[in-house]
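*Asks:* Provided below are the primary sequence and the corresponding predicted coordinates.
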Amino acid sequence: MLIPRQTTPDLTVKTLSSGIFDLAGQTSERGTVVCFYRGLHCPICANYLTELEKFTPEFAERGVDTIAVSTDGEDRAQAMAEKIEAKALCIGYGLPLAMAREWGLYISASRGTTSIGIEEPALFAEPGLFMVTQDRTLYYGSVQTMPFVRPHFSELLKALDFAIANDYPARGEYTGPV
């Protein structure tokens, strides 16, 4: 389990437009929003990433980078980027399943062709959304077991504004006896 205020696992993936993304080397003022998505086969992911693409400039105004990452290979990642008309959003691909597990993501097995006629990969990671601070500690995390009911980026932006204005700490960090 990832713990707020603790260092996140490594995250190094190839991207479509920026070479290698390495979370440890990010230099943004306030950190990075990491959005793990299921892959090209998921129509809900396409809608979700379209929203993240729309809000990426607003995250940037607050000193926060964004990246969307999947276990898909380069061709499928490129097709997703084209589908959502990605311009500002960095798209990472080739996430190893072992790394997905380190991030606490659930892994699903293929159930064949989806409702949009695209074959699911044999194994793939379910969605997760994380806000990682500039010192690579976890600030916020949300993990889903399926594609439905994801956090809204507009709400995350409002929460980020509140956190910045009030120097609000990451919560959920207690690991002692209960």
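*Replies:* Arrived safely.

*Asks:* Quick one: mean pLDDT for whichever helix in the chain runs longest?
*Replies:* Counting residues, the longest helix in the chain under DSSP state H turns out to be helix 43-61. Average pLDDT, helix 43-61: 98.

*Asks:* Which positions within that helix qualify as buried?
*Replies:* Neighbour counts over helix 43-61 (16 or more other C-beta atoms under 10 Å) mark 45, 46, 48, 49, 52, 53, 55, 56, 59 as buried. Just so you know, the C-beta spots here come from the backbone N, C-alpha and C atoms, and that holds for glycine as well.

*Asks:* And the next helix or strand past that helix?
*Replies:* With elements assigned by DSSP states H and E, the helix or strand that comes after helix 43-61 is strand 64-69.

*Asks:* Distance from the chain centre to that following strand, please.
*Replies:* 6 Å (C-alpha atoms, centre = their mean, to the nearest Å).

*Asks:* Relative to that strand, what are the paired strands and their orientations?
*Replies:* Within its sheet, and counting by DSSP bridges, strand 64-69 is paired with strand 31-36 (parallel), strand 90-93 (parallel).

*Asks:* hey, what's the spatially most central residue of the chain bridged with?
*Replies:* With distances taken as C-alpha atoms, centre = their mean, residue 35 lies nearest the centre of the chain, 1.2 Å away. Using DSSP bridges, the bridge partners assigned to residue 35 are residue 68, residue 129.

*Asks:* just to revisit the earlier point, out of the buried residues of helix 43-61, which comes closest to residue 25?
*Replies:* Relative to residue 25, the closest of the buried residues of helix 43-61 is residue 59; by C-beta to C-beta it sits at 18.3 Å.

*Asks:* ok, the closest residue to that closest one other than its chain neighbours - contacts?
*Replies:* Counting by C-beta to C-beta, 6 or more residues apart in numbering, residue 66 is the residue found nearest to residue 59 once chain neighbours are left out, at 5.3 Å. Contacts for residue 66 (C-beta atoms under 8 Å, 6 or more residues apart in numbering) come out as 32, 33, 35, 52, 55, 56, 59, 60, 88, 89, 90.
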